[in-house]
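**Student:** Okay, predicted coordinates and the sequence, questions at the end:
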Amino acid sequence: MDISKRQGLAYSFLSSMYDNIPKGWLTLWTPEKKETFWFDVSDLKSAVDTAMYLSESRDVYFGLGTRKEQLPGKQRGRSVDIASIPFIWVEIDIKGGEHAAKNLPTVKEAEKILNTFPLKPSAVIHSGGGWHCYWQFDAAINITSKEDMSKVSELLQNFQDGFIKLASSQGLHIDKTSDLARVLRVPGTFNRKSEPKMVEIIKTNTKRYSIEEIRVAIEKFHTAQGGLDNLSEQDRFDAIPVNLPDAKVYPIISGCQFIQHYLNNKENATYSEWLAALSIGAYCEDHENLCHSWSMGHPNYSVSETEIKLHEIRANLKPRTCESIDSEFGGCSNCFYYGKINSPIALGMRKSMIMHPFLVKRNALFKKILKTKRGNEVEEVILVSRMVPTITKELSNVEKNSIYYELSWMDRGRERREVVTAGTVATKREILLLADKGFHVNDLNYKDLIQYFDSYLTNNQLEQAKMVERLGHIKGKFIHPLDLKGIKVVPNDIGERQLLEAFEAKGDLDSWKLEVFDRIKEHPKVLFLLLASFASVILHDLKVSPFLIDLSGSTSQGKTTALQVARSVWGNKFMVNEWNATKVSIERKAGFLNSFPLFMDDTRKADERVLKAVVYQFSGGRAKGRGSLRGSQTETTWQNILFSTGEASLSEYAAKHGAAARIISIEDQPFRRTTPAFFSDLYNALDQNYGSVGLEFLNGWSRHKEELLQEFNGTKEMYAENAMGDEVLLRLSLYHAAIHFAGIAVNQILGLEVDLKIIYGIFSEISEVNKTIDKPKQLLEEILIHLDSSRRDVYYRYPPNEMKAIYKYDTLCLTPAFLKEYLSIDEKVIRGEWLRRGYTQKCENDGNIVDYKVINHVGSSFRVVVVNKEFIKNMGLDFKEDIFP
């Protein structure tokens, strides 16, 4: 078939399917390069022309639902991006094609399955390997809310489940393709899995269906397959549609003996026991994941069977009653709740029990009291609080041996939730602090509220959960705000909460690689910072101490932009902090992030004393010890990387304090040879792509950590050799090795193809540029250069006005007074290091090795520190004066 006929085929199909959609985006997608092409739904001709062009060498798919907006990069969109659905569909792979599944229907079997559905499809497309069948709505379903999306998803799943179940009953397989972001092949293109086969239209029908027609047809479809006929009598009780609110699962598991027995023995459970348990789980919160969790481990577990039963139960059955469970399986008669509730589901739906003397009236909390009036006791009701607090959860701190409660109350029609320590609901001082959170508590009612909370805890069974106060590596777990696995993060203050909220994900790995990584990969220093951002979260596994990376240079050279690139691994732009902060604030942020990097921008805004203190405090990995009324507070620890930017190097602020071995200093412009539009394009990309890549990396790291860690020793050795035995460089080499190793890890996990030779070269470059790399050596060099340019301060034959050194023994002898002034508080440490390294001469005093001696010069005695003449010679200096004999 020539291209014009294929174009007509594609256009007639797409125009008939999307003719009733006024706006939105249609997408084409090719798997070879994972590229997405976007077209306004009103411009189908351009979409068809592009599809024909691409089909000459690629497989071409179209997004079934229209998208709300055009997404950047290669993103093809997720279910949340769908704007409208014009039809429902099912994909039936036919036996004989290139398919993984073997038990596929023949053409005749597929026709029989398809004809069982009461409504004829609007179109059937032969994909070259099977059939894509569509039933078009008379008006597309617009999706404007999560509720809309949920309803459409449920309709589509229920529709496809009928086909899957029917095929399964005949020993055949049909794939589940009910995700709203599904893509299928474009008619008129080619299926290139093997020999190219054209995607053809084999059946069309001009009939369009209302949603109600579709719903009725689906119900008839399920009924035609036997519906409830295969269920036991016990499972069929009250087999009528039911509308129950989803229950909380924890009280059911902790209170129902049958559910406990089933979960502890599900590998040996009967089919009837499984179905009975499922009838309870199907009406709990997060029921889909819960039912699969409860089913995994059962010998006959399958994803499709569980989903079929789940939907059937929710559509047609009520939860099993305690009486029916006990009648069939026994073991319930000694249950605490037997006879008190009708079904185990009631445990998860119980309202909070508020016991005497408290009661709730008109959405306020009251208390009954007895008063004596005229000799008689009279019951009165007094107001305790205009709000009714409930305790919704008991939270156990993973890191500390402490308990927290999640409180909930309504305030002017709005629900408020607050996590508090257990002491908050038990002591006056703590409970009164809830007033700052908007709760009605004061000096008049706090006693009644403490009594109320005590009664509440006694009479209510609370949901149990775990919590942490910070992120990263904690007690063998890794806490990421976007992948908490049931653990709740409770920050201690507003600053930490702001950091927590900065952890967001936008875009995906493919779009981040295309829009961000590909733009910066040719800029070595920015690439280095990016890899360091990944490295921060694995320092714990590498057993590497925390350290700092400082990017310095003149203003408006892209330092802040480089920092934003590094933060894009984990979250949005609010992850970057300013240096305009106190030492305690920075310490708390470091402890909260724990394993995640701490980004600090612009040292000009900081107090110089704070900068000096932070360098040492951070690299130590432990907060300052502080006292409390009961002794010492817990000292927060961290093991991450601090990123800093500024015009002056951070190490210069601590130049005389040994900061060299704690900081990787990167100087000069991070970006070179960029176009005028480079930064605006990069910032646009950073606004649309962040967070997702970090999650992908952590998931991959957890899977491949053990095999990857074996390579770290070799990386360490490579960098250690380049340190040439220098103690400070050797320590820095470990930090560089960790970042280089992060490059190895991201290459394998994310497929970034980082050129690691560039990263290795940075170590040599930084070692040369970083003048503070070896502070003891640098300080001695500075002193000698200073004296070389100011020889009037050197005592040769005549005493100078200000004596700093004496020339004797063909070398310089430095005076202690000058060294004390120049080296300040670090004099003792620096002089000790000079002596240890052989920069100054060793002398003996009362059996002890010291760095000073008493010399006689021009008739006078002086105590001096003698510089090794080889050190001066290696610097290329010569202090000999011709006038000196």
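**Tutor:** Good, I have the coordinates.
**Student:** Show the subsequent helix or strand relative to the lowest-mean-pLDDT helix or strand in the chain.
**Tutor:** Least confident element among the helices and strands of the chain, by mean pLDDT, DSSP states H and E: strand 631-632 (a mean of 45). Next along the chain after strand 631-632, taking DSSP states H and E as the criterion, comes strand 641-646.
**Student:** Quick one: list the elements packing against that next one.
**Tutor:** On a contact count with 3 or more CB pairs under 8 Å, 6 or more residues apart in numbering; DSSP states H and E, strand 641-646 meets helix 524-536, strand 547-552, helix 559-567, strand 598-601. Just so you know, the C-beta spots here come from the backbone N, C-alpha and C atoms, and that holds for glycine as well.
**Student:** try 6 Å
**Tutor:** Counting contacts by 3 or more CB pairs under 6 Å, 6 or more residues apart in numbering; DSSP states H and E, strand 641-646 packs against strand 547-552, helix 559-567, strand 598-601.
**Student:** and the longest one with helix 524-536, angle?
**Tutor:** Counting by axes from the mean of the first three to the mean of the last three CA atoms, to 10 degrees, helix 559-567 lies at 40 degrees to helix 524-536.
**Student:** Could you name the helices and strands sitting against helix 559-567?
**Tutor:** helix 524-536, strand 598-601, strand 641-646.
**Student:** Which residues in that helix does the neighbour count mark as buried?
**Tutor:** For helix 559-567, burial by neighbour count (16 or more other CB atoms under 10 Å) applies to 559, 560, 561, 562, 563, 564, 565, 566, 567.
**Student:** Please name the residues that touch the second one.
**Tutor:** The reference is to residue 560. Going by CB atoms under 6 Å, 6 or more residues apart in numbering, residue 560 touches residue 601.
**Student:** pLDDT below threshold where in the stretch 251-400 of the chain?
**Tutor:** Residue ranges of the stretch 251-400 of the chain with pLDDT under 70: 350-352.
**Student:** Strands of that one, start to end?
**Tutor:** 358-361, 364-373, 376-385, 390-397 (DSSP state E, counting those that start in this stretch).
**Student:** so what strands line up beside the helix or strand just after the last one?
**Tutor:** In the C-terminal direction, the helix or strand that comes right after strand 390-397 (DSSP H and E) is strand 403-411. Each strand pairing with strand 403-411, determined using DSSP bridges, is listed with its direction: strand 390-397 (antiparallel), strand 414-421 (antiparallel).
**Student:** mind listing what's buried in the helix or strand that the last one is followed by?
**Tutor:** Just to be clear, that refers to strand 414-421. Per DSSP H and E, the first helix or strand lying C-terminal to strand 414-421 is helix 428-431. Buried residues in helix 428-431, counting neighbours by 16+ other CB under 10 Å, are found at 430, 431.
**Student:** do stretch 594-609 as well
**Tutor:** 594, 595, 596, 597, 598, 599, 600, 601, 602, 603, 606.
**Student:** Could you look up the SS state of the closest residue in space to residue 37 that isn't next to it in sequence?
**Tutor:** The shortest distance from residue 37 to any residue other than its chain neighbours is 4.3 Å, reached at residue 28 (CB to CB, 6 or more residues apart in numbering). Using DSSP: H, G, I helix; E, B strand; the rest coil, the structure places residue 28 in strand.
**Student:** and residue 28, how far is that from residue 733?
**Tutor:** 50 Å (CB to CB, to the nearest Å).
**Student:** ok, now residue 295?
**Tutor:** When distance is defined by CB to CB, residue 295 is 52 Å away from residue 733.
**Student:** just residue 145 next, same as before
**Tutor:** Distance, residue 145 to residue 733, using CB to CB: 55 Å.
**Student:** The residue lying closest to residue 844 once chain neighbours are set aside - how many residues pack around it?
**Tutor:** What sits nearest to residue 844 in space, not counting adjacent residues and going by CB to CB, 6+ apart, is residue 850, at 7.2 Å. Residue 850 is flanked by 15 other residues according to other CB atoms under 10 Å.
**Student:** who's in contact with residue 562?
**Tutor:** Taking CB under 6 Å, 6+ apart, we find residue 562 in contact with 526, 529, 670.
**Student:** ok, so of these, who is nearest residue 384?
**Tutor:** Nearest to residue 384 among the contacts of residue 562, counting by CB to CB, is residue 529 at 56.3 Å.
**Student:** contacting residues around the closest one?
**Tutor:** Here residue 529 is in contact with 562, 566 (CB under 6 Å, 6+ apart).
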